[in-house]
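Asks: Sequence first, predicted coordinates after that:
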Amino acid sequence: MKAPAQFTDSDNGGPRYSRIHKELSERIVSGQYPLGELMPTEIELAAEFDTSRSTIREALRCLTEDGYVERRQGMGTRVISTKAQTGYYQSFNSLHELFQVALDTYMVILGQEAVILDETLASRVGGHAGERWFHVFGIRWTAPGGRPICYIESYVPERFESLLPEFSDLQGPFFDLLERRSHETIKEAQQEIRALAMPTSISRLLGLPDGSLSLQLLRRYITENGVLIASFNWHPADQMTYMMKIKRARPQSGE
């Protein structure tokens, strides 16, 4: 069994999670944790470094932000790069993993307003022209005091107006709150990805030059009663990597 790393609170190397993050990143770069392989679990790392799981989670969050690893609910932490990345990496196959993305990042709501859908917006969010919806907008950050990931515009049907005040203090995704409080079960999530010029008003909020390109992710969450929420995520095109895995279905017997 590996001896515990000697990181004490009296060290001058910064917070304990930061020192653990540095040690783990060095192990990834050196190949101690091979590319494509799972890292030790939170419990194993907490035992090795003689610290709490919350400290390990923060160190792993920093590794995720650096682009070294990806984390998935119930699947562990996998090494995806031996070099730090300046962009944002996203990969998921379930609503649970989307939920984890929201927990691992930090959303700042800038405002909200009532809007009447025109035909173009209605066709994209899944509503009908002339309906009254609510537009909630803000910026998702890697962490408080971190760097901006994307600008988000969420469109919420009028039937959920009473739930909007709960968005401001929410720790987690909007779709989870709406599903829990409305008892409308999400049947499917639809996603569209487009390469678009980023509106100047958005690029300036993200600290980007005018004319920057974006990767726009539109997600619609569908229940039996229609759209629960639709969100446009505007990511800087050169800072966003989206990955999905497609497996060949096994042929049925007799084919």
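Replies: Arrived safely, thanks for sending.
Asks: CA only for contacts and neighbour counts going forward, please
Replies: Fine.
Asks: Distance across stretch 114-124, terminal residue to terminal residue?
Replies: The first and last residues of stretch 114-124 sit 17 Å apart, counting by Cα to Cα, to the nearest Å.
Asks: Sorry, slip of the keys, the one I care about is stretch 30-37.
Replies: With Cα to Cα as the measure, what separates the two termini of stretch 30-37 is 14 Å.
Asks: Not counting it itself, show me its contacts.
Replies: Applying Cα atoms under 8 Å, 6 or more residues apart in numbering, the external contacts of stretch 30-37 come out as 27-28, 39, 78-82.
Asks: Check those against P165 and report the nearest one.
Replies: Sorting these by how near they are to P165, with Cα to Cα, puts R78 at the top with 37.0 Å.
Asks: sec struct for the closest one, please.
Replies: Going by DSSP: H, G, I helix; E, B strand; the rest coil, the secondary structure assigned to R78 is strand.
Asks: Next, count neighbours for it.
Replies: The number of residues packed near R78 is 20, by other Cα atoms under 10 Å.
Asks: and the closest residue to it other than its chain neighbours, what is it in contact with?
Replies: Distance criterion Cα to Cα, 6 or more residues apart in numbering; nearest residue to R78, sequence neighbours excluded, is L38 at 4.3 Å. Neighbouring residues of L38 by Cα under 8 Å, 6+ apart: 76-79.
Asks: Who wins on neighbours among these?
Replies: Across the contacts of L38, neighbour numbers were computed from other Cα under 10 Å; T77 holds the maximum, 22 neighbours.
Asks: Give me the buried entries from the contacts of stretch 30-37.
Replies: With neighbours counted using 16 or more other Cα atoms under 10 Å, the contacts of stretch 30-37 contain these buried positions: 28, 39, 78-82.
Asks: Kindly indicate which of the residues you listed lies nearest S182.
Replies: When the buried ones among the contacts of stretch 30-37 are ranked by distance to S182 (Cα to Cα), R78 comes first, at 35.3 Å.
Asks: how much space between the closest one and L196?
Replies: Computed as Cα to Cα, the R78 to L196 distance reads 31 Å.
Asks: Where does the record place the domain boundaries for the protein?
Replies: Listed domain ranges for the chain are 16-79, 92-242 (source: automatic domain parsing).
Asks: can you give me the helices for the stretch 151-255 of the chain?
Replies: Counting by DSSP state H, counting those that start in this stretch, the stretch 151-255 of the chain forms helices over residues 174-182, 200-205, given from the N-terminal end onward.
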